[in-house]
Each structure stands twice: as C-alpha cells, then as structure tokens.
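A.B. asks: Return a 3D structure for these sequence lines:
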Amino acid sequence: MTHSPFKIIVVGAGPAGLLLSLLLAQHGISVTILDSAKGLDNRPRATHYGPPAIYELRRAGVIDDVLAEGFLPEKICWRKLDGTYLAGIDNAVLGDHPDRVACLPLDRLGKILLRHLERKESAEVKWNHRVTDIGQDDNKAWVKVATPNDEITMEADYIVGCDGANSQIRRSLHGDWAFPGTTWDEQIVATNVYYNFDKYGYEDANFIIHPEHWHMASRISKDGMWRVSYGEKSGLTHDELAARQPMKFREMFPGNPSIEEYVLANFSPYRVHQRLAKRMREGRFLLAADAAHLCNPFGGLGLTGGIVDVGGLSDCLFGIWNEQAKPDILDIYDQVRRQKYSEMIDPMSSGNLRRMFESNPDTILDPGQDELMTLCKKAENDVDFAKEMALGINALKYDFTQHYTKQKVIVGNM
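C.D. replies: Okay, here's the model as predicted:
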C-alpha cells in the first residue's frame, strides 16, 4: 500500500513519548519528538510495570533489554510497623507467563527506548526544543517552538502531548489551571536506599500500615537498592524533611538502624495528585500519560496506565495512517482512556494510599474491613484465584483495532 504523507509530532521525550514514537516508527510512520531539556531525565522515579505495561514493552521490542537490566519481583505484601506479615499477592504463581510484573527504574527504561528509537529511520528526537504555542485547522496541527537559535513553527497531522504533569500542550488546550482533581494533603518523600531488608524477611514489595509511619519499601535493583516512599507532615520545608529523615528511617525500618547502617542514595519530597484532563483529544491534539492524568505512586498505576495509553494511541494512529480507521477512533481513545482512569486507576490508587494511613492494622483482616485484604487471604490458598488476581490489572487494556473499519493488515517491525 502506498501511503500519503503522514507526520506525527510527540512533545516530551520521557518514557511515554519515546515508547509511543517507537511503536509508530516500527511501522515506518514519520515521527518527531520535541523536548525542552538537553537530554534524558536521569531521575529514578517510578519502577514497577504491571502486566498490561509489559505487553506494550514487548510489542515495542524492548522487553529483553528491560528484563536484562531489571528483574521480576515476586511477592507484594502488607505489614504492620513491627514487620508482622498481614497479606500479600504472589506474582511467582504466574511462573513463566510472558506478562509478569517487572521492575526497572524509569530513567533506565528511557535509555533503552531511546537506544531503540535511534535505530529507526522515520524517527528523530530534537532536544532543546520548547513548545511555546499551538494551533490547528481542518488539515493540520502546528506548534511554535523555541530552539537554541530561533523560534520555528513545525506542522504535523497529529500532535501528542506526552510532556508530563505540567504539560504545555494540555495547558495550551485547556488553560493553565484546568486540570480537574485533587492534591493530597499528605506529603510524600521518596528515597533510594541501600539497607539489608532481606535480613528481616521482607518481600520484594512491602506496604506498611501505620497512622504516622506509613510507607512502602520495595526492592528496585539487583544490587540491593530499595525504594522507600513514606508519608510526612504537611507544610514542612525541604530542609525540615531532610532533618527528620534519620528519625523516620529509625522508626520505620526493621532493626531501627542508625544513620551509619544504611546508604541514602536519593531523597526527594513531593506532593501527589489525583487529576484527569477534561479531554484527551482536542481536534488534532492528543494527550497521554502524565500529561492527561495523575495519581499517587503507591501501586504503579500511574506508570502502567500511561504506558497503556500510548500503546492504545499507537494503534489508533496506525489505523488512521493505514486507512483502516477513521479519525473519530481518536474520540473513542479519549472516552476509553478517561473511563479507565475514572473507574480503575483513580479508585484503586486512592485506596492503596488510604489503606496505609487510615486502616487499623490490628483489625484490617477482620471480615468486612478491607475487600482487598480479604481477596489476598483467599488467594493464599487458591492458586487459580491467585493467578486471576495477579493478572487482574489487565482490565486496563483495550483493543482499539476492533474499531478499524477495514480488515486488519498485519504489519511487522520495520
């Protein structure tokens, strides 16, 4: 089939933008990625990829690299502050299932995606290109871009905002302050730390339930690094939070360590949000991942949901390019992805966070107290149910190719 010229601009060279671009470039679709930074974001950030995200990474041809650098975590559990085990989900019941949860710091995924994308002739990344304004008509969309030398205008058939929580594309479309939702009162501190949690029988991921010292301790690398994210008092400055960190670790960690007994590699306080853009499609402009929606990080749903966004959007854009789908498939993308956020990501991630500081760890396993804990206890004695629970997050996926108007054409990697 001979295709008419078709151009996509992706704003934002984070993992979501790079993954979308790679999925498009596999088909030979022309895609340009614009990013205001000088290079990749090296902050570790999120780490866990649920089964539907693994599916998309496999489609992109990068899963072997991800698994070579990362690992497959096994058990996720909830504990009391004293380490007492309450309940958990064991991913090991899936055995060699291809879409098991995987763990790899997000900055390392970005490097893998960029490395693969640089091999695609139809893709290019332009650093130090900051979008300042946007526009569109019936035939094309455009962005005004500030470069190191001047300001230019770039045009495309569609432009996708993958430019994060402070997305310039979303703000240009909807206004600077139009990002409906809430900001949590609770302050979060994310740390990367080397400490021997294994000595105390900790699983790969541990959620600690406590009204004051609630936190998550999760293995994130093969060399003994753990991500510990914990709640703190509201209103404290960065310096005040840093001064409290040794006390928090002493109270939270098994063994109550002194500062000499661990190595703190990263300390990053931040606020968390539950927000969803008014629309994820406005004409020839589209939003995905953090540019479209935000949630707290306890459970990996923001990262997994963003990756599923771009996987579905790639199918929609491929269908339009290949003349198998009409442009209104993008309205279905908007409807479905917003619905998945509202019905799954938001309530599940909010429940994950509240469970840690609102629940009573002494009664959470009592009948009728917490549905998830009840299901986890059932799964401990029912392997088939445990497998069903481990793969339940696949409900985030959606097959947009069912809305193609012509027979599917199987196109391999290019």
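A.B. asks: Wasn't residue 206 part of a helix?
C.D. replies: No. Read with DSSP: H, G, I helix; E, B strand; the rest coil, residue 206 is strand and lies in no helix.
A.B. asks: tally of neighbours for it?
C.D. replies: Residues within reach of residue 206, counting by other C-beta atoms under 10 Å, total 25. C-beta: built from backbone N, CA, C; applies to glycine.
A.B. asks: so it makes contact with residue 216?
C.D. replies: Yes. Applying C-beta atoms under 8 Å, one finds residue 206 in contact with residue 216, separated by 6.9 Å.
A.B. asks: and residue 339, which of the three is it?
C.D. replies: At residue 339 the chain is in helix, as set by three-state DSSP.
A.B. asks: And the next helix or strand past the helix or strand residue 33 falls within?
C.D. replies: In the assignment (DSSP states H and E), residue 33 maps to strand 30-34. On the C-terminal side of strand 30-34, the nearest following helix or strand under DSSP H and E is strand 48-49.
A.B. asks: just checking, what packs against that following strand?
C.D. replies: Packing partners of strand 48-49 (3 or more C-beta pairs under 8 Å, 6 or more residues apart in numbering; DSSP states H and E): strand 102-103, helix 301-321.
A.B. asks: run the last query once more with 7 Å
C.D. replies: On a contact count with 3 or more C-beta pairs under 7 Å, 6 or more residues apart in numbering; DSSP states H and E, strand 48-49 meets helix 301-321.
A.B. asks: Can you tell me the centre-most residue of this protein?
C.D. replies: The centre of the chain sits closest to residue 303, judged by C-alpha atoms, centre = their mean, with a distance of 0.8 Å.
A.B. asks: So that one is in contact with residue 50, correct?
C.D. replies: No. Contact status for residue 303 versus residue 50: not in contact, 8.2 Å apart, counting by C-beta atoms under 7 Å.
A.B. asks: follow-up on the earlier one: how close does the closest residue to the residue nearest to the centre of the chain other than its chain neighbours sit to residue 302?
C.D. replies: What sits nearest to residue 303 in space, not counting adjacent residues and going by C-beta to C-beta, 6 or more residues apart in numbering, is residue 46, at 4.1 Å. The spacing between residue 46 and residue 302, counted by C-beta to C-beta, to the nearest Å, is 7 Å.
A.B. asks: Neighbour count: the two, which is higher?
C.D. replies: When neighbours are counted by other C-beta under 10 Å, residue 46 and residue 302 differ, and residue 302 comes out ahead with 24 against 21.
A.B. asks: dump the residue contacts of the more buried one.
C.D. replies: The contact partners of residue 302, taken as C-beta atoms under 7 Å, 6 or more residues apart in numbering, are 46, 290, 294, 295.
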